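**Q** Build the 3D model from these lines:
(chains A, B, C and D)
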Number of protein chains: 4
Amino acid sequence: MNSGFFGDTKPVKYEGPDSTNPLAYRFYNADEVVLGKRLEDHLRFAVAYWHSFVWPGGDPFGGQTFERPWFNETMEGAKLKADVAFEMFSILGAPYFCFHDADVRPEGDTLAESNKRLHEIADYFAGKMEKTGTKLLWGTANLFSNRRYMSGAATNPDPDVFAYAAATVKTCIDVTQKLKGENYVLWGGREGYETLLNTDMKRELDQMGRFLSLVVDYKHKIGFKGAILIEPKPQEPTKHQYDYDAATVYGFLKRFGLENEVKVNLEQGHAILAGHSFEHELATASALGIFGSIDMNRNDYQSGWDTDQFPNNVPEVALAYFEILKAGGFTSGGTNFDSKLRRQSLDPQDLLIAHIGGMDTCARGLKAAAKMIEDKVLTGFVDERYAGWSKPEAQQMLSGKLSLEDIANKVEGSGLQPQPRSGRQEYLENVVNRYV
Amino acid sequence: MNSGFFGDTKPVKYEGPDSTNPLAYRFYNADEVVLGKRLEDHLRFAVAYWHSFVWPGGDPFGGQTFERPWFNETMEGAKLKADVAFEMFSILGAPYFCFHDADVRPEGDTLAESNKRLHEIADYFAGKMEKTGTKLLWGTANLFSNRRYMSGAATNPDPDVFAYAAATVKTCIDVTQKLKGENYVLWGGREGYETLLNTDMKRELDQMGRFLSLVVDYKHKIGFKGAILIEPKPQEPTKHQYDYDAATVYGFLKRFGLENEVKVNLEQGHAILAGHSFEHELATASALGIFGSIDMNRNDYQSGWDTDQFPNNVPEVALAYFEILKAGGFTSGGTNFDSKLRRQSLDPQDLLIAHIGGMDTCARGLKAAAKMIEDKVLTGFVDERYAGWSKPEAQQMLSGKLSLEDIANKVEGSGLQPQPRSGRQEYLENVVNRYV
Amino acid sequence: MNSGFFGDTKPVKYEGPDSTNPLAYRFYNADEVVLGKRLEDHLRFAVAYWHSFVWPGGDPFGGQTFERPWFNETMEGAKLKADVAFEMFSILGAPYFCFHDADVRPEGDTLAESNKRLHEIADYFAGKMEKTGTKLLWGTANLFSNRRYMSGAATNPDPDVFAYAAATVKTCIDVTQKLKGENYVLWGGREGYETLLNTDMKRELDQMGRFLSLVVDYKHKIGFKGAILIEPKPQEPTKHQYDYDAATVYGFLKRFGLENEVKVNLEQGHAILAGHSFEHELATASALGIFGSIDMNRNDYQSGWDTDQFPNNVPEVALAYFEILKAGGFTSGGTNFDSKLRRQSLDPQDLLIAHIGGMDTCARGLKAAAKMIEDKVLTGFVDERYAGWSKPEAQQMLSGKLSLEDIANKVEGSGLQPQPRSGRQEYLENVVNRYV
Amino acid sequence: MNSGFFGDTKPVKYEGPDSTNPLAYRFYNADEVVLGKRLEDHLRFAVAYWHSFVWPGGDPFGGQTFERPWFNETMEGAKLKADVAFEMFSILGAPYFCFHDADVRPEGDTLAESNKRLHEIADYFAGKMEKTGTKLLWGTANLFSNRRYMSGAATNPDPDVFAYAAATVKTCIDVTQKLKGENYVLWGGREGYETLLNTDMKRELDQMGRFLSLVVDYKHKIGFKGAILIEPKPQEPTKHQYDYDAATVYGFLKRFGLENEVKVNLEQGHAILAGHSFEHELATASALGIFGSIDMNRNDYQSGWDTDQFPNNVPEVALAYFEILKAGGFTSGGTNFDSKLRRQSLDPQDLLIAHIGGMDTCARGLKAAAKMIEDKVLTGFVDERYAGWSKPEAQQMLSGKLSLEDIANKVEGSGLQPQPRSGRQEYLENVVNRYV
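**A** The predicted structure follows:
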């Protein structure tokens, strides 16, 4: 039985680029084969529970704008919310979803009660997943909204909060495993500081390392097969978060010997906040061997905070998937995007349209990226640009066979004068524009 | 014999806080003992050759404004420049200086000739150092200005450039050692990219790792006792530099097993460009065990590029030295600052005044920081804030004695409800204001 | 009778710079005479109702952290809040306060009811003002929090919202007049857009001009003697607000012929968000003749959103008051600051300490600025720098007596070669550091 | 006779979207008619002399990378540069060009000599313009590169510099008129400040107003028919420029009564530096009636300085032309873009390719914008959104027939409760994606 929230909206179909139907896909044709794989299997779309079904439309200067029948702190509300969510997953034909514990169940008076409720909702989900075929891309714990976490979860000055957070994560991993989630994500929203004046950074980093080790150990203990993912973000809510960006997370993982156990879930908006392009973060994670999954929500370039808008700029999205495809594409990861509605977008249909627009932008971007890969228009250029490094003398330098002195002697002896060659950035940008 | 550039300016003296003499120190009293050490030995000031004696006053929209008698590409010019530089070091009473090869000698037609000139100038320096007592804080190679480096030095697609850069660094280390330099610095101005479209980041990072290893090996081979320092910067001149910030450099060092061999030289302005406060970079480097030295030049908060102004905000500088003192103070490192004049500051005296102002600001900041350390007004608060972690149960969690499951059982079993406590940021900020 | 919220805290006294009492002023000595005026009359401090008594400690990633007994939507709660607020005003010895309608009364079911409640609270205030001597610096209407304003108030596409906002402002002005408020402020939190795609900017600017004219006309009609103030802000909550900065507001006022009727209320944090320094905004408003009042709350330089922290950097605050004093000081305006606590600052005392710290920073800054004015150390330099313009030939150019051709003929005829002179920025910065 | 710089490159042809020829247009079909006008007449492309033929490839950390045979300070060099420039204009089929005096002639020892040289080159241009049919979109004076302008031109503390600048502009307008230029541009590169400490802003704004009035008077005197344009930019080279953005320029023009005499030349990159989108600046200028012309060069979103890259993001460019078409399209203005090459782009062909890519991006964007206009997909939505304002009661409010009190009475009397309606941003963004 239908909740009625979306009226009698039919499942969204692929109608091709010329369609003007706002409730149709113009590019996302799930079964279309690109580079030997179905689009659905490339993109692995997941719908996020939080912004779509939990966020009330508030901001720091104004309260709730959305009116949803499930906005109440009861288990009935939670189930109605689940009904609507799975209806939307089906309408969209999205293969995956993602959630935090706090998104799906009202908080209990004790952790035991909260956990019990989480399991109850998980069972409710299980039935719906069975029926609709929707799968869980990842689960996660909200360790940042409740006031107990105001000074951090793993990095809290109070070990009780560390313990509470650890216990919470344990249940969330259990539930993620129960629902056959393919990854488990950690976002350190409050793992950082408001001021260094009251903070012992070294101590907090050690706490955070221990916490992550506990999670990894537990994963192995229970045989959870999914990947553990850290989601970097430089700031907001805190003045400064510890998981600043992919390179910072890499150093953190190396420090605690976890670089083969944990990967990153990268978000476009977070990349921007950290002063990087999204492609940069993807290329970095790939170069360092820790690429896992993505949140494809973008930020507004003129706003200094996280806007979590759905992706709509095809050229940018194409470059992101180009990096992902070069990195071998997703394994356990996928494309989550928050599609946080603008707070003036009150209508249920706005929710559908935001997802359709975002999914179509991603599909169009991925197809363009795949074509660039096939045509080798960029990779060919790059290989040729570095071709000198495959010569034996160059390889000797790189492999460590020559010392600094050896190299210096050769250079001075030969009177070497390296000649610069054009980097041809403008040409390459024009080439990309042939595809997007 | 005096070059006459600064007229008959006498050495700058300490005259105390009430002095209105623009050519006197009001706070920098070299022999004053603070926390058991002379101020001079705490601060270890070094004057930078480049901005003070090489930069012509140009910017992207305008050319040279400064008229210096040594602005010509001859060895005579180079020696006149050295004369004036050492006169300034003496007038200021600065114990150290720093330089790039390109600052001090005209480029030759071949690397061999450039190196020969560098050695000639180094010998000229040696005489002056002997006479004036000025020491070398660090030497470095300019691997970014010449067009051969336009696509990087170690990370160049052309191995010939890598080789040329390696040979250049070899001589610069030799010269640094000859002059008893206490550190050797690498700033990767062009180690990064303008566009990912023509870049193989993984390959470039590997090149950079190899380059650094060559440098470290050579240091050990010749018995250079100084520290090798990397200077992080996020961007400018490139769109994106690889040595983005302290945390990124740490990950890079770990990747190549160099984290015990190399430290960071942190710059206030670079911290700002990377989205951090300077204190953050200092605290991070300290927590990760790679703190080395500082460039105390600040950026303008409203400008998105590197302005390299001398420090003038005492409260900010005090917080920086507070982190440095907490980290144990400088060992081989020191306080370099570029004091890049504003391009309208044409007069020789402006050069002196910029350094006096910067040094006085640092001295005032360090004294305030030292007093805060002595009074334990902040460290005491922090220790108390984390006191819960010294309890046995907390230590068990931290040491790995308890698993995630153990902790979860305890939390659910005890019905634990952590209670938030005020972080008291406002109080702590007021406390700092008692000292600055 | 005391509400007990602040325990038995005594009124905060001036104890001088050496005091370490966190509940004492070290610089704010209300009766101290500076430049011929009492400090209290210079600074005209006002405490803001909203952040101190209304904000629950939430942010976009977390909910309420503060627990205040008046957090409920009743008139009893509103009165308890008023009791505590006036207790705090008295403890602090702040001569003024400021409020929005929504801060002080629960919203009614109709505007008529809301207005009635506002008048009831205003009467309650009046009694307390009488008793404590606290005065009202300004009143204002909250036209941004309620969902009816989500698409703007004056600039809403729906004229009903314009009307509702107009009616609301009318009552707020009435109440401000009743309480002898010295100014009335308009902050256009939602007067802007989220996307140009759904926006007719020209139309919205015209609506905004009409709205402001209505307000000005009404002020004259009822004989309200206070100034009407616009508070510029570039963005947040909207992607882009129309009252971007002082210069934009000036153009807007000129367009509607209101430049002699309305002034600006400038905020340090808003200046930063708009890419300016606070001094810039103050100097601009002064040069354009529209300087009115200030909100002295600062932003964090590394955060891209409005943090509304109390001022704590004396050198920055001194430069701000230096501009204010050069502009002749406040007339009807004053120093409001939000002192939005960090959300971890849970304790009642944190509220007092934030205000004490901010007021002391302002007092110290103003005293430094006053001394710089007295000593003419900066103004003298500036006068001398432009001295050439007082010569008759220069005055002829400036007054329009010479045409472009006349000037060209003189320049070519005389072979004029202007000679640049040092701007001496470094010297001037050092001079400032003698005062702060 | 051909200079040989571009080898035997043939004029660039339109070959349609499927072409992979890097030296062909895929979208710019000059004679194609869109909205009743030829594409060439819509876009009015102008090639900029400076970045293409003058910039040596330097940046603050490195010197010249480009090697051009005309890089010397002789009149022969200047003529060779002109030969190559006009060859490029012809190869590209660009109808217009733009230049600064300093771009085209070597500076003389006196202004008289500089002016004489400028006239000589202008005559040389005239012959080439005649032959090739290339027209002048605008001329301008470089009042920022020479050290005499380091502290401003019109706003200099030294009236001699004001006079020198005035005399320079006089000749530049003369030359622009001689070459039938369709506009004259003023960019205030140094009209701003490095520090407020040495600046009298009010005085400088008055000087700037006088300067502009002189220019406008002279234009009328000599019967120059083109528009006078100001190019806003917030900063760089100065810390803060006075012509910050379109709204600031509007206020400045109103202050001096010049709002009907002067328009703005808007640049995408400058909009970004000022915290705006380019569409915002266009919509603002249009709403205020001062829209003139554009510089279509973009900035890098992750760099805090002006990169002046050619436009390459079609969705963004489409939204810009959408605003321009809504504003009625260009009259005397046109599409200039700097196409500043990346400094690694050494080859002559890079120069062509940058322009081809930029022009094609603009053509594609304009076609998409024109189609959106034709289909009324956005304008129709907007009209409907504001439809309530055409009702009589709404018009009464807007026209000033109702006072604040009247409106308040109606609202309270009727119990009006405005109901929010969805702003549908996501839908509109998807609609745009159907066109780009």
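
**Q** Read off the pLDDT value for the residue of the stretch 201-350 of chain A found nearest chain D.
**A** Closest contact between the stretch 201-350 of chain A and chain D, by Cβ to the nearest Cβ, is at A:Gln344 (3.5 Å). All C-beta atoms are positioned from the backbone trio N, CA, C, and that covers glycine. For A:Gln344, the model assigns a pLDDT of 97.

**Q** Contacts only, for it.
**A** By Cβ atoms under 8 Å, 6 or more residues apart in numbering or on different chains, the contact list for A:Gln344 reads A:65, C:150-151, C:194, D:420, D:422-423, D:425.

**Q** Show only the entries of those residues found in helices.
**A** With DSSP state H as the criterion, helices contain D:Gln425 from among the contacts of A:Gln344.

**Q** Throw the contacts of A:Gln344 into TSV and include pLDDT and neighbour count, thanks.
**A** Shown next, in TSV, are the contacts of A:Gln344 (pLDDT from 0 to 100; neighbours: other Cβ atoms under 10 Å in any protein chain shown):
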residue	pLDDT	neighbour count
A:Thr65	98	23
C:Met150	98	28
C:Ser151	98	26
C:Glu194	97	23
D:Pro420	97	19
D:Ser422	98	20
D:Gly423	97	26
D:Gln425	97	24
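
**Q** JSON lines please, covering the contacts of A:Gln344 and showing distance to A:Asp41.
**A** JSON lines is the format used below for the contacts of A:Gln344 (distance: Cβ to Cβ, whole Å):
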{"residue": "A:Thr65", "distance to A:Asp41": "37"}
{"residue": "C:Met150", "distance to A:Asp41": "40"}
{"residue": "C:Ser151", "distance to A:Asp41": "41"}
{"residue": "C:Glu194", "distance to A:Asp41": "35"}
{"residue": "D:Pro420", "distance to A:Asp41": "41"}
{"residue": "D:Ser422", "distance to A:Asp41": "34"}
{"residue": "D:Gly423", "distance to A:Asp41": "36"}
{"residue": "D:Gln425", "distance to A:Asp41": "31"}
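
**Q** Would you reformat the contacts of A:Gln344 as JSON lines and include distance to chain B?
**A** Converted to JSON lines, the contacts of A:Gln344 look like this (distance: Cβ to the nearest Cβ, whole Å):
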{"residue": "A:Thr65", "distance to chain B": "29"}
{"residue": "C:Met150", "distance to chain B": "31"}
{"residue": "C:Ser151", "distance to chain B": "32"}
{"residue": "C:Glu194", "distance to chain B": "25"}
{"residue": "D:Pro420", "distance to chain B": "35"}
{"residue": "D:Ser422", "distance to chain B": "35"}
{"residue": "D:Gly423", "distance to chain B": "31"}
{"residue": "D:Gln425", "distance to chain B": "28"}
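
**Q** Just confirm yes or no for the lowest-mean-pLDDT helix or strand in chain A near chain D.
**A** Scoring the helices and strands of chain A by mean pLDDT, DSSP states H and E places strand A:335-337 at the bottom, with a mean of 94. No: among the residues of strand A:335-337, none lie within reach of chain D under Cβ under 8 Å from any Cβ of the partner chain; the closest is 12.2 Å away.

**Q** Note down every partner strand of that strand and its orientation.
**A** Sheet partners assigned to strand A:335-337 using DSSP bridges are listed as strand A:45-48 (parallel), strand A:291-295 (parallel).

**Q** now the ones you listed as JSON lines including mean neighbour count?
**A** Output for the strands paired with strand A:335-337, formatted as JSON lines (neighbours: other Cβ atoms under 10 Å in any protein chain shown):
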{"stretch": "strand A:45-48", "mean neighbour count": "27"}
{"stretch": "strand A:291-295", "mean neighbour count": "26"}
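
**Q** Can I get the ones you listed in TSV including mean pLDDT and distance to C:Ala30?
**A** Supplementary listing: those in TSV, determined by pLDDT from 0 to 100; distance: least, Cβ to Cβ, whole Å:
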stretch	mean pLDDT	distance to C:Ala30
strand A:45-48	98	54
strand A:291-295	98	53
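
**Q** what would those look like in TSV with distance to D:Lys367?
**A** Formatted as TSV, the entries for the strands paired with strand A:335-337 read as follows, by distance: least, Cβ to Cβ, whole Å:
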stretch	distance to D:Lys367
strand A:45-48	31
strand A:291-295	32
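
**Q** between these, which gets nearest to B:Phe6?
**A** Closest approach to B:Phe6 among the strands paired with strand A:335-337 (Cβ to Cβ): strand A:291-295, 56.7 Å.

**Q** Show me the contact partners of the next helix or strand after the closest one.
**A** Counting by DSSP states H and E, the next helix or strand C-terminal to strand A:291-295 is helix A:314-326. For helix A:314-326, contacts defined as Cβ under 8 Å, 6+ apart pick out A:35, A:268, A:278-279, A:282-283, A:286, A:291, A:294, A:296, A:298, A:311, A:330, A:361-362, A:364-366, A:368-370, A:372-373, A:378-379, A:432-433, A:435-436, B:196, D:312-315, D:433, D:436.
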